[in-house]
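Chemist: how does the following fold in three dimensions:
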Amino acid sequence: MLKSKLYPAIIAIIIAGATVTTSCKKKETAPTPTPTTTVDDDQSGASASNKAEEISSDIVSMGSEACDKQNGTLSSYRTSETSLLSCATVAADTVNKIITVTFNGNACLDGKTRTGSLIYNYSASPAGARRYRNPGFSVTVTSNNYAVDNNTVTITNKTVTNTTPVGFNPLTTNETWNINANISVALAGGGNISWSCTRVKTLLNTATAYTNASTPISWSTARIGITGSASGTRSNGETYTVNVTNQLIRDFGGCTIVNRHPFIQGTFVYSPTGKYARTIDYGTGSCDLNATVTINGVTYPFTL
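Modeler: Have a look, this model is predicted:
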């Protein structure tokens, strides 16, 4: 009787022990969860900033030549920005000191289509400073339904002032201009970016591109440098700053690619709040459309 009563109890203990052992083994062999790591490789903000930089630079380039010549024609315009008479016309009002560049939607030499108009008002310039090349010359730019490849551009404020000293010697002193701008771009692919900047533009080869105050700058040979900073917001709420860390350079005489004059040298750092800074590098002077963006030590190539 005693033996028969013990068997069930012993079996129960063995089963319970087996269960505990099995349970412990399961815990010991369960895989350890692998922590997830998010890679910060979002290039959209840097790309949008690059687009704003390019658009703003083109606006200044067009105005520089229009205000320097003031002849109401595009027949001798040098650049991709305005394609002779195929994509724009110029109206020069020398009495009110206003120049209007109106685009017709045809492709310009650089392949970009532009619509709307840009208005350059230089009435605030001091007496005697009638041309873009004159020290003290100042022009304010506004836009009217202006768009580049369906990227709609609104200019809240944009002022360009020639800061070259009066009586400068072009053989030893380069011409310079201060640029202050506040623009917004509704991107064709969706979203928008606001962009406020303070820039210094330098005619790096003044000695060869500038002859004298009576002659327009030879824009077809101009080599332009850009320095300065910017800040703004994107439609996704991201705020950012931009700082040029190595002068950005365009060479209108030495680099033409399918009638475009891209940035070929220099770097700027795009710093979005709460994320790694992005360094955009245009290269060291080679005439190409290659550039890179570096994020947290990882470099990604892209085409301008």
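Chemist: right, and residue 144 touches residue 103 too?
Modeler: No - using Cβ atoms under 8 Å, residue 144 is not in contact with residue 103; the gap is 10.4 Å. (Glycine included, C-beta is placed from N, CA and C.)
Chemist: and the two? Which one has more around it.
Modeler: residue 103 (23 against 11; other Cβ atoms under 10 Å).
Chemist: just to revisit the earlier point, shared neighbours of residue 144 and residue 103, anything?
Modeler: Residues touching both residue 144 and residue 103 (Cβ atoms under 8 Å, 6 or more residues apart in numbering) are 116, 117.
Chemist: isn't there a strand covering residue 246?
Modeler: Yes - assessed with DSSP: H, G, I helix; E, B strand; the rest coil, residue 246 lies in a strand.
Chemist: wait, doesn't it sit right on residue 267?
Modeler: Yes - taking Cβ under 8 Å as the contact criterion, residue 246 and residue 267 are neighbours in contact, 4.5 Å apart.
Chemist: can you give me the buried ones in stretch 189-201?
Modeler: By neighbour count on 16 or more other Cβ atoms under 10 Å, the buried set for stretch 189-201 is 192, 193, 194, 195, 196, 197, 199, 201.
Chemist: contacts for that stretch, please.
Modeler: Stretch 189-201 has contacts (Cβ under 8 Å, 6+ apart) with 48-49, 51-53, 56, 60, 160, 163, 176-187, 224-236, 242.
Chemist: now with 7 Å, please.
Modeler: 48-49, 52, 56, 60, 176-187, 224, 226-236 (Cβ atoms under 7 Å, 6 or more residues apart in numbering).
Chemist: what of stretch 179-186?
Modeler: Counting by Cβ under 7 Å, 6+ apart, 51-52, 55-56, 60, 151-160, 192-199, 201 sit against stretch 179-186.
Chemist: among these, which are located in helices?
Modeler: Cross-referencing the contacts of stretch 179-186 against helices under DSSP state H gives 51, 52, 55, 56, 60.
Chemist: tell me the contacts of the third one?
Modeler: Contacts were defined as Cβ under 7 Å, 6+ apart; by that measure residue 55 touches 148, 151, 153, 185.
Chemist: quick one: contacts for the first one?
Modeler: In other words, residue 148. Contacts of residue 148 by Cβ under 7 Å, 6+ apart are 55, 112, 114.
Chemist: point out where the stretch 101-250 of the chain drops to low pLDDT.
Modeler: Counting by pLDDT under 70, the stretch 101-250 of the chain shows no low-confidence range.
Chemist: and the helices in the stretch 1-150 of the chain?
Modeler: Taking DSSP state H, counting those that start in this stretch as the criterion, the stretch 1-150 of the chain contains helices spanning 2-29, 44-69.
Chemist: so how far is stretch 279-292 from its chain's centroid?
Modeler: 13 Å (Cα atoms, centre = their mean, to the nearest Å).
Chemist: residues of it that come out buried?
Modeler: 279, 280, 281, 282, 283, 291.
Chemist: cool, and stretch 130-147?
Modeler: Under the neighbour-count criterion of 16+ other Cβ under 10 Å, stretch 130-147 has 130-135, 137-143, 146-147 buried.
Chemist: over to stretch 40-51?
Modeler: Residues of stretch 40-51 classed as buried by neighbour count (16+ other Cβ under 10 Å): 45, 46, 47, 48, 49, 50, 51.
Chemist: pick the one among the residues you listed closest to residue 256.
Modeler: For the buried residues of stretch 40-51, the minimum distance to residue 256 (Cβ to Cβ) is 19.9 Å, reached by residue 50.
Chemist: hmm, the closest one is touching residue 280, no?
Modeler: Yes - using Cβ atoms under 7 Å, residue 50 is in contact with residue 280, at 6.2 Å.
Chemist: excluding its backbone neighbours, what's nearest residue 49?
Modeler: Closest residue to residue 49 apart from its sequence neighbours, by Cβ to Cβ, 6 or more residues apart in numbering: residue 270 at 5.0 Å.
Chemist: whoops, I mixed them up, residue 285
Modeler: residue 265 (4.6 Å).
Chemist: how many residues are close by the one you found?
Modeler: Other residues lying near residue 265 total 18 when counted by other Cβ under 10 Å.
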